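Q: Just the structure for this:
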Amino acid sequence: MQKKNMPRWKVFLAILSLLLTILIWQRGLQESFDRPSVTPKLALNQREIALLAYPSLPNSISPLLVGEDPELGLKNTLRELDQGQTGNRERLLLATLAISEDEKRSLLADTFQEKDLNTVRETLLDSLDQKDNFQILIDRIQDQQSDPLLYRMSCLAIGGEPDICVDERVSRNMAFRLLFSQLLPLLAILMGLLLFLRQGWLYLRNANSPWPEINFLPLSTVDMVLLIAGGFVVLGELVSPLIAMPFSDLITREIASPVKESLKVLIGYAAMTVPPLIILRQQISHLRIKVLSMEWLQWGGRSFAKSAVDALKGWLMVMPFVLLVSWLTTLFFGDPGGSNPLLDMVLSSKNYSALSILLITTVVMAPLFEELIFRGVLLPALVKKQGRVLSVLVSALIFALAHLSVGEMPPLFVLGIGLALLRLSSGRLLPCVLMHSLWNGVTFANLLILSA
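A: Here you go, the predicted structure:
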């Protein structure tokens, strides 16, 4: 009956929105190949942290965390970088690492200790064909705090003793970063695998609790296409930025970078959420349901502690598979690039105000909005029409495609599956919001830890 009464203009808009969405997503995915990837920068930062942390690490775990030769690891990583990814600093680091042992021994340690920079400069320029670069390097030596790694490597390169060249405070700080960025994820992976195996054992024994009934909004297929394709993609991802950019430029005109760029991201994301929320409100207005109705969306806010525990378990169980898919993607296809520009903003920013704004966007706004659309509205409607298995896969695929990144699509697809299964197994939306927020928050924290 509902299909017969569907207005033709509505069907036409749905078809048009779907066609435009295909074009937008195709172009967005193609353009993602041209966007730089943060993976090389993360790898380089991790190698630098490993080298700085090496003196403070216990011998028993040092090979596990930094390898047998952290200098060689950094040298190889620097050599693998593309020309466009290397600056003067990277070339200077590579030059100091490339100095042979014979050349190092030929440089006098007491020269640096006495800080006779003229003598050091002459010695370096006589022994190395890096005159312009090492002129800058020697100037950088005068300020130890400007770049701890460049200071250390240049100090050792000209024959400085380790107790002079190594800043113990910096080394201890980097050792803590390294432990947090490597051991905690490893622990989380082990816990996640154990939880997954336990869940599988309970399933084989038929000891799992039955999944609860899922409420769904009585929206037609045409309504869902208009919401996702028309509201989220066409109006949200294409039209809203055209309106939001002049507005954000006006608001942030007197604000300095990088806070300015962070505010633009926040305003742009907020603007993107408006069209689909308006469409959703209009679609359910005749049902007398509020857009954020706790009853229909099954938020489950009254049992926050249980939702938090479910979110943590879901995050732990999905993380090994997301990391595995990411690793396999890189292994077979290389780094396709196309990282979310926001990742590089977090990785490069040192401004606490800018980082706080980005944190609100990624850890609060994005999980709330995306879970409302994908697991609050889309998934239950698909389950009603297609069953659980196909609905989980379809909703996860749409979730991954919506981020417009070829490189991030496989892991996001797996993450979407995990979020969908959590929604169905818990019967509540809040655990999905918390799990999504936890995932983004951990990613955010890891970028800060590995930031240069």
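
Q: Give me the spatial nearest neighbour of Glu71, chain neighbours excluded.
A: The shortest distance from Glu71 to any residue other than its chain neighbours is 5.9 Å, reached at Leu97 (CB to CB, 6 or more residues apart in numbering). (Glycine included, C-beta is placed from N, CA and C.)

Q: Tell me who's in contact with the one you found.
A: When contacts are counted by CB atoms under 8 Å, 6 or more residues apart in numbering, Leu97 is found next to Glu71, Leu74, Lys75, Leu78, Met153.

Q: if you set the cut-off to 7 Å instead, what comes out?
A: Glu71, Leu74, Lys75, Met153 (CB atoms under 7 Å, 6 or more residues apart in numbering).

Q: What about these, which are in helices?
A: Counting by DSSP state H, the members of the contacts of Leu97 that fall within helices are Glu71, Leu74, Lys75, Met153.

Q: Just the buried residues of stretch 236-254, please?
A: Gly236, Glu237, Leu238, Ser240, Ala244, Ser248, Thr252 (16 or more other CB atoms under 10 Å).

Q: do stretch 217-236 as well
A: Those would be 217, 219-220, 222-236, for stretch 217-236 by 16+ other CB under 10 Å.

Q: Mind giving me the ChimeraX command for buried ones among the ones in helices among the contacts of Leu97?
A: Buried subset of these, written as a ChimeraX selection, criterion 16+ other CB under 10 Å:
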select :71,74,75,153
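
Q: any idea how far Leu450 is from Thr77?
A: In this structure, Leu450 and Thr77 are 13 Å apart, going by CB to CB, to the nearest Å.

Q: ok, now Ala14?
A: Distance, Ala14 to Thr77, by CB to CB: 49 Å.

Q: For the two, indicate the residue with more neighbours.
A: Neighbours were counted for Ala14 and for Thr77 using other CB atoms under 10 Å; Ala14 has more, 21 against 18.

Q: my read: the more buried one touches Val225, true?
A: Yes. The criterion here is CB atoms under 7 Å, and Ala14 meets it with Val225 at 4.2 Å.

Q: quick one, longest helix in the chain?
A: Secondary structure assigned by DSSP H gives helix 168-204 as the longest helix of the chain.

Q: which SS state does the residue lying closest to Gly28 once chain neighbours are set aside fall under?
A: Leaving aside its chain neighbours, Gly28 sits nearest to Leu404 (3.6 Å; criterion: CB to CB, 6+ apart). At Leu404 the chain is in coil, as set by DSSP: H, G, I helix; E, B strand; the rest coil.

Q: what's around Leu404, how many residues?
A: Using other CB under 10 Å, Leu404 has 21 neighbouring residues.

Q: quick one: pLDDT of it?
A: Looking at Leu404, its pLDDT reads 87.

Q: so who does it touch?
A: Here Leu404 is in contact with Trp25, Gly28, Leu29, Ser32 (criterion: CB under 7 Å, 6+ apart).

Q: Save those as JSON lines, and put in secondary structure, neighbour count and pLDDT too.
A: Putting the contacts of Leu404 into JSON lines (DSSP: H, G, I helix; E, B strand; the rest coil; neighbours: other CB atoms under 10 Å; pLDDT from 0 to 100) gives the following:
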{"residue": "Trp25", "secondary structure": "helix", "neighbour count": "17", "pLDDT": "93"}
{"residue": "Gly28", "secondary structure": "helix", "neighbour count": "19", "pLDDT": "88"}
{"residue": "Leu29", "secondary structure": "helix", "neighbour count": "17", "pLDDT": "87"}
{"residue": "Ser32", "secondary structure": "helix", "neighbour count": "21", "pLDDT": "82"}
